[in-house]
Structures are given as structure tokens and as C-alpha cells.
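> Mind folding the following:
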Amino acid sequence: MEIKSAWMKLRWLSLTLILLLAFPFGQAHAQDTLPPGPVYVVQAGDNIWAIAQQFGLSVDELVNYNHIADPNLLKIGDRLVIPRLEDIQGELKIVVVPYGETQRSLSRRYQLPETMLARLNHLASPDLLYTGANLVILDTGAALQPTRRGRLAPGESLLEQAVIQDTDSWSLVSLNHLTGNWDGLPGDVLVAPGEGESGPGALPPEIGSFTITPLPLIQGKTIVLRVTASSGTGVTGSLAGHTLNFFPDGQGQSVALQGIYALQEPGLYPLDLSVVLPDGASFQFNQSVRVVEGAYIYDPTLYVDPATIDPEVTRPEDAEWNALAAPVTLEKLWSGVFLSPVAPEFSGCFPSRFGNRRSYNDGPYNYFHTGLDFCGAVGNAIFASASGVVVFAGPLSVRGNATMINLGWGVYTAYMHQSEILVQVGDQVEAGQQIGMVGATGRVTGAHLHFEVWVGGVQVDPMDWLGQAYP
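Numbering: from 1, shown residues only. Prediction:
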């Protein structure tokens, strides 16, 4: 009996081994031979749907072309061949388009013809290349030739630019995909052979770098723009209609801070850059950036005094309040992460957070919460979260007893619904200094502190400033 049982176990083990060899677990492809075309290597976070969307394909087309047995078993490192590109060989990679690049400059950076970039990315128009977009490029395995940037000045020939760059005009023609020596346009940023700054390819060489964080832009968030420029270069700009003010950060860069309105419609918005070069020449550049939703929740409807939602009351008060946060002063008065504006026992208690969509008295949800609410009882201390100068201290119908403090560079903090204000306009306050007391004045349903942060004339999420240092 024991011999027969052992034989049966051996037989089942052999059958199981045969099945495993025939149908291995975790294998997405039914065969190892790949069809013709460029290869994309699966990255962390990829799935079959996202890959198909990136390359303008249907999931079925991608699955069938690669003979994938089970698309749910795709894993990092799998190699997928992209159909409709059978005449192209190499590895396809995805890079993020930074600000300051165009289809032409990206063609020069990656040494690929513009027609190739357009084909790989299904670009019907160069304007579709917005900042933060994913761009498909082709890596043929050949090392990219190192290049540096130069700007073709008005009236300057390609031959003269070649002399300046210590090269020959035909090298400029080849690297920049020009049709001949006559093809250079005034103001065009060209690449030339040699080591150099790898900054934004469509911006003049006087701009060493330009970064935006975060990308994409998010409703209600603070955007940080940093630029490195050669001495004597002036930089100004605008984002979604707001003027950008750049200030030196003391570390060799200039920085601008700008808030994104919490109700900004998701979509593409213009970021315009104006550069005055050391020789007095001006340079303009425009590129779109994407704004996405901030994933804010809907608060239960609030029941308040009808007078505090009457447009005859709210409109003039809003106009006054917005005007207070509009001036941009040159001196930066804050430093580091903002302090909690309430005592430690209340610093983690938030009855309502920034950005929550709101309805009053069963009306439509066309309001949003413009600040961060802290728990507290009438008479609890309120502290300045950062150093600055008081620009408003007084009673308002909606905001109650309110204080606004200018921190410089277009950044403000505000404290509302106070029972008592302990500062006055013109006072210089320090971070951590008591400036008032919690109350229940204005449009409220109970005692609390409503705390706001303004950046570039826009309310932003205070939690960001309480959790990280902005320049």
C-alpha cells in the first residue's frame, strides 16, 4: 500500500511540474518572440490601460500585438512592442516636458527630427506640448552629442553664430535640423557642439534653469517658481492672469510664489515669461501649464445669519479684504515653517479644512472654505504664525473681528472671528506673539479661529505652510 501511495504522489508531482512548465505563473506573454517595432519597458506604476493611452492605442490592440495572455500579470521590466511604428527601432522612453521647451527645442535636445517627435506623441500641433506633459522619445542606443545653447541675435547670420560658438555653420545646421545656412531665425535658441548648461532649450542661454513645483498645478496650492539667470538679466512673468514677482533667494536664484485659486477650473493656463538680457534685448516666452482638481470635500450645509450671505454685505467686504492682500512688498519678513496660531492643545484640532466646498442655508455649493479652522473657546489665545506688519485690525460683518498681517513678497496671514484684537495697524509682530483671542464674531456657527494664508492675491491651503518652509 505504501509503495502504491508513494507512486501516486510521484505521478501527481510530475503532472503538476508539467503544467507549471506549460503555463508559468506571472508570465504575461504567451511567447518570447516579439513583433517588429520600438520597445517600451514597463515602469513602476504602469498598467496596460495607461500604457495604451500614452501611445494612443486601444488596450486590445496593444494586448493582441504583443500576444499577451493576461494583461493583469504585467510586471516591471516587461518589454512591450508598440504597434503602428514597425519601421522604427529602439527603446521608447517617457520624459516630463519642463517649462521652457518647445517641440523644436526638444527635437534638438534629444537629437530627433520634429516629425519623429510629432509621430511618437500624436502631436497635431506644437501647442499641445504643455509644461508637465509626458513626452515619448526614442533612445536608439547611440550617445547624445553634448551641446550648449546660443541665441541668434537680430541681424546675425548663422556663420557669425558659428564663429561665436567656435564651430562651423554646417554643424549648427545639422544639430538644429535646419535646411541650410539661410534657415536661422532672429531670436532662435540654437544648440552647438560642446559642453554647456542643460537649461531650458527654448530660453536664451542667460537663463540657466527654470523650475516649477508642484507639477501639475493644484487648486488651492502654493506654486514655487525658481529661475537661475546670469548677472544683469531681468525676469518677470504672469501665471493664469496673476503677475509673478521674482525675488533673490540669497542662494543664487530668484523665486516667485503664487497661489492657485481653489475654484480655478481644471485645464491649461498660460505661463508668460519676459526676459530682459544684459545687452538690453528682450525675450518673450509662453507655455501652458495644467491645473488639476484639489480633491476637496463637501461640508454639510451651514445655517448662518442671512445678513452674512447677503451680496450687498459680502461684495464690498470681499473687495476690501482682497485689496488688503494685493500689495507686494520687497522685504521678506517670515522665516521657516509657520507656527501654529493656537495653543498646542488645539493645534491638531480642525473643525473644517481649507478648500471644502460649502453651502449656506440650503443654498448651492458655490462657496469654498477660504482658510483652516482651529478649535477653541472664547478667550483662548491667538498667536502670530509668522513675523510681519499688521495691515488690518478691526470688525467686519462676515469675518468678525479680524487681523491681517503682511509678511512680504505678496504673502499674508489672517485671523478671524476674534473676541478681542490685541494689535493695531502698523504694528510689527513676531512669530509666536499673542495678537488676539478666539471668538465667535461674524459669520460663524460657534467659537473657533479661522486662519488664512494669502499668496499672490490668492488664498491657499495653510496646512502646507504649517508643514514646510517656503523660500
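> can you tell me how far residue 348 sits from residue 383?
Separation of residue 348 from residue 383 (C-beta to C-beta, to the nearest Å) stands at 15 Å. No exception for glycine: its C-beta is placed from N, CA and C like everyone else's.
> So these two - more neighbours on which side?
residue 383 (19 against 10; other C-beta atoms under 10 Å).
> so where's the protein uncertain?
Applying pLDDT under 70 to the chain flags residues 1-32, 197.
> Where does the residue nearest to the spatial centre of it sit: helix, strand or coil?
With distances taken as C-alpha atoms, centre = their mean, the residue of the chain nearest its centroid is residue 215 (1.8 Å). Classification of residue 215 using DSSP: H, G, I helix; E, B strand; the rest coil returns coil.
> From residue 167, how far out is the residue lying closest to residue 170 once chain neighbours are set aside?
Counting by C-beta to C-beta, 6 or more residues apart in numbering, residue 170 lies nearest to residue 181, which is 8.0 Å off, once chain neighbours are set aside. Counting by C-beta to C-beta, the gap from residue 181 to residue 167 is 13 Å.
> Same question for residue 89.
To residue 167, residue 89 is 30 Å away according to C-beta to C-beta.
> between these two, who's got more neighbours?
Ranked by neighbour count (other C-beta under 10 Å), residue 89 and residue 167 place residue 167 first, with 17 against 13.
> That one is in contact with residue 192, isn't it?
Yes: Residue 167 sits in contact with residue 192 when judged by C-beta atoms under 8 Å, with a separation of 5.2 Å.
> any idea whether the residue nearest to residue 114 when sequence neighbours are not counted is helix, strand or coil?
Using C-beta to C-beta, 6+ apart and skipping residues adjacent in sequence, the residue nearest residue 114 is residue 107, 4.5 Å away. Per three-state DSSP, the local secondary structure of residue 107 is helix.
> residues contacting residue 107?
Contacts for residue 107 were tallied using C-beta atoms under 8 Å, 6 or more residues apart in numbering; they are 113-114, 116-117, 177.
> which of those lies closest to residue 388?
The shortest approach to residue 388 among the contacts of residue 107 belongs to residue 117, at 47.8 Å (C-beta to C-beta).
> Could you report the neighbour count for that closest one?
Residue 117: 21 neighbours (other C-beta under 10 Å).
> Can you verify it is assigned to a strand?
No: counting by three-state DSSP, residue 117 is not found in a strand; it is helix.
> Please tell me I have it right and it contacts residue 104.
No: between residue 117 and residue 104 there is no contact under C-beta under 8 Å: 9.3 Å.
> what are the ranges of the helices in this protein?
Remark: helices assigned in the chain by DSSP state H are 2-22, 48-54, 59-65, 103-109, 114-121, 158-164, 169-175, 311-324, 462-467.
> Make JSON lines from those helices and add distance to residue 341 to it.
Formatted as JSON lines, the helices of the chain follow (distance: least, C-beta to C-beta, whole Å):
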{"stretch": "helix 2-22", "distance to residue 341": "63"}
{"stretch": "helix 48-54", "distance to residue 341": "42"}
{"stretch": "helix 59-65", "distance to residue 341": "51"}
{"stretch": "helix 103-109", "distance to residue 341": "46"}
{"stretch": "helix 114-121", "distance to residue 341": "47"}
{"stretch": "helix 158-164", "distance to residue 341": "56"}
{"stretch": "helix 169-175", "distance to residue 341": "56"}
{"stretch": "helix 311-324", "distance to residue 341": "18"}
{"stretch": "helix 462-467", "distance to residue 341": "9"}
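> closest one to residue 267 among those?
helix 48-54 (18.6 Å).
> How about residues contacting that closest one?
Helix 48-54 is contacted by residues 40, 42, 58-59, 61-63, 68, 71-72, 74, 80, 94, 134, 136 when judged by C-beta under 8 Å, 6+ apart.
> let's see it at 10 Å
28, 40, 42-43, 46-47, 57-63, 66, 68, 70-74, 78, 80, 82, 92, 94, 121-122, 134, 136 (C-beta atoms under 10 Å, 6 or more residues apart in numbering).
> Among these, name the buried ones.
Neighbour-count burial (16 or more other C-beta atoms under 10 Å) applied to the contacts of helix 48-54 gives 28, 40, 42, 46, 57, 59, 62-63, 66, 68, 71, 74, 78, 80, 82, 92, 121, 136.
> ok, now how distant is the residue nearest to residue 151 when sequence neighbours are not counted from residue 188?
Distances taken as C-beta to C-beta, 6+ apart put residue 204 closest to residue 151, at 4.6 Å, once the chain neighbours are dropped. Here the criterion is C-beta to C-beta. By it, residue 204 lies 10 Å from residue 188.
> And for residue 201?
From residue 201 to residue 188 the distance is 11 Å (C-beta to C-beta).
> shared neighbours, those two?
Counting by C-beta under 10 Å, 6+ apart, the common neighbours of residue 201 and residue 188 are 104-105.
> which of these two has more neighbours?
Shown here are residue 201 and residue 188; by other C-beta under 10 Å, residue 201 has more neighbours (21 against 17).
> ok so, going back, can you lay out the contacts of residue 107 as a markdown table showing distance to residue 405?
Output for the contacts of residue 107, formatted as a markdown table (distance: C-beta to C-beta, whole Å):
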| residue | distance to residue 405 |
| --- | --- |
| 113 | 55 |
| 114 | 51 |
| 116 | 54 |
| 117 | 49 |
| 177 | 54 |
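> closest to residue 470 among those residues?
Nearest to residue 470 among those, with distances taken as C-beta to C-beta, is residue 117, at 35.6 Å.
> Could you report the distance from that closest one to residue 110?
Distance from residue 117 to residue 110, counting by C-beta to C-beta: 8 Å.
> Find the residues that touch each one of these two.
Taking C-beta under 10 Å, 6+ apart as the contact rule, residue 117 and residue 110 both touch 135, 137-138.
> Between those residues, which sits nearest residue 196?
Nearest to residue 196 among these, counting by C-beta to C-beta, is residue 137 at 20.3 Å.
> wouldn't the closest one be in contact with residue 121 here?
Yes: between residue 137 and residue 121 there is a contact at 8.9 Å, judged by C-beta atoms under 10 Å.
> What are the structural domain limits within the protein?
2-81, 147-193, 207-292, 306-467 (automatic domain parsing).
> Same list, those, but as JSON lines with distance to residue 128 please.
Compiled in JSON lines, the domains of the chain are given as follows (distance: least, C-beta to C-beta, whole Å):
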{"stretch": "domain 2-81", "distance to residue 128": "12"}
{"stretch": "domain 147-193", "distance to residue 128": "19"}
{"stretch": "domain 207-292", "distance to residue 128": "9"}
{"stretch": "domain 306-467", "distance to residue 128": "27"}
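> Contact partners for residue 224?
211-214, 255-258, 455, 470-471.
> any residues in contact with both of residue 167 and residue 192?
Contact criterion C-beta under 10 Å, 6+ apart; residues shared by residue 167 and residue 192: 148, 150, 161, 175.
> would TSV of those residues with distance to residue 363 and neighbour count be doable?
Formatted as TSV, the shared contacts of residue 167 and residue 192 follow (distance: C-beta to C-beta, whole Å; neighbours: other C-beta atoms under 10 Å):
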residue	distance to residue 363	neighbour count
148	60	17
150	59	21
161	63	20
175	61	17
